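**Q** Predicted coordinates and the sequence they were generated for:
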Amino acid sequence: MTQDELKAAVADKAISEIEPWLEKDTVLGIGTGSTANLFIDRLKPLRDQFKGAVASSEASAKRLEALGIEVFELNSVGTLPFYIDGADEVNAHLQMIKGGGAALTREKIVAACAERFICIADQSKYVSQLGNFPLPIEVIPMARSYVARQLVGLGAEPVYRQGVVTDNGNQIIDCYEFMIDDPVAMEATLNAIVGVVTNGLFAARGADILLLGNPEGVERIALR
Ligand SMILES: O=C[C@H](O)[C@H](O)[C@H](O)COP(=O)(O)O
């Protein structure tokens, strides 16, 4: 199976996971990226079974709206029953690196409002240690050089993601050569650097359910 076929299989599985729980007033939290897009596309036939969605990016919001799914501001809704999103890396504790598509901040905010985070990923994303994928950090533009120096002090090789402006008007630094021993501690350390808006470690609040696609099928790994 190709990677795209594996992504499609996990998107299908995520639909089966949430469909029994959909009610007329359900608002779903929706992630960003190629895997999340496949999930969004599969929501179209179900759109009369739920109220709408909160999107973690302008791109996902547009995709949802194009399918006739109403998109709500997060501030206008309460707790979301589900947040469904992909990942750049995920480990056995369902901690993740996210932000390859620069959507990490809104993803972390929407995920924080969800009762259950369902991570959908093909097997290439499953790792024993986070950090092979360069860890994205969203920074306030004027703080970029300062934050980069702090990252060097932590052992990373920071690289400015040129030409990328986040939905929040900020910039991204990617941390190369930065294998992460303790994701929860590192997430907190990075958040404490002045000028950092969000880092791409989703560790203190990881996923609750991982739907992992491999050629034998979709494995469901649930921690809670
Ligand atoms: O900012 C982007 C997000 O964190 C994505 O969820 C992540 O990059 C995975 O994207 P994809 O499903 O395209 O591999």
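**A** Arrived safely, thanks for sending.
**Q** ok, Glu17 - contacts?
**A** Shown in contact with Glu17 (Cβ atoms under 8 Å, 6 or more residues apart in numbering): Ile118, Ile209, Leu211, Arg220. (Glycine included, C-beta is placed from N, CA and C.)
**Q** where's it, which helix or strand?
**A** Using DSSP states H and E, Glu17 maps to helix 3-18.
**Q** Quick check: next helix or strand after that helix?
**A** strand 27-30.
**Q** That following strand near the ligand at all?
**A** No - applying Cβ under 6 Å from any ligand atom, one finds strand 27-30 separated from the ligand by no less than 10.6 Å.
**Q** Who are the packing partners of that strand?
**A** helix 34-43, strand 52-55, strand 80-85, helix 104-112 (3 or more Cβ pairs under 8 Å, 6 or more residues apart in numbering; DSSP states H and E).
**Q** What strands line up against that strand, and which way round?
**A** Partners of strand 27-30 in the sheet, by DSSP bridges, are strand 52-55 (parallel), strand 80-85 (parallel).
**Q** how about those, which one is nearest the ligand?
**A** strand 80-85 (5.1 Å; Cβ to the nearest ligand atom).
**Q** hang on, the earlier thing: can you go through the contacts of Glu17 and name the buried ones?
**A** The neighbour-count test (16 or more other Cβ atoms under 10 Å) applied to the contacts of Glu17 identifies Ile118, Ile209, Leu211 as buried.
**Q** doesn't the first one fall inside a helix?
**A** Put plainly, it is Ile118. No - Ile118 is assigned strand when assessed by DSSP: H, G, I helix; E, B strand; the rest coil, not a helix.
**Q** right, is the helix holding Glu17 up against the ligand?
**A** No - using Cβ under 6 Å from any ligand atom, helix 3-18 stays clear of the ligand, coming no nearer than 6.7 Å.
**Q** What of stretch 121-138?
**A** No - shown here: stretch 121-138 not in contact with the ligand (Cβ under 6 Å from any ligand atom), separated by at least 7.1 Å.
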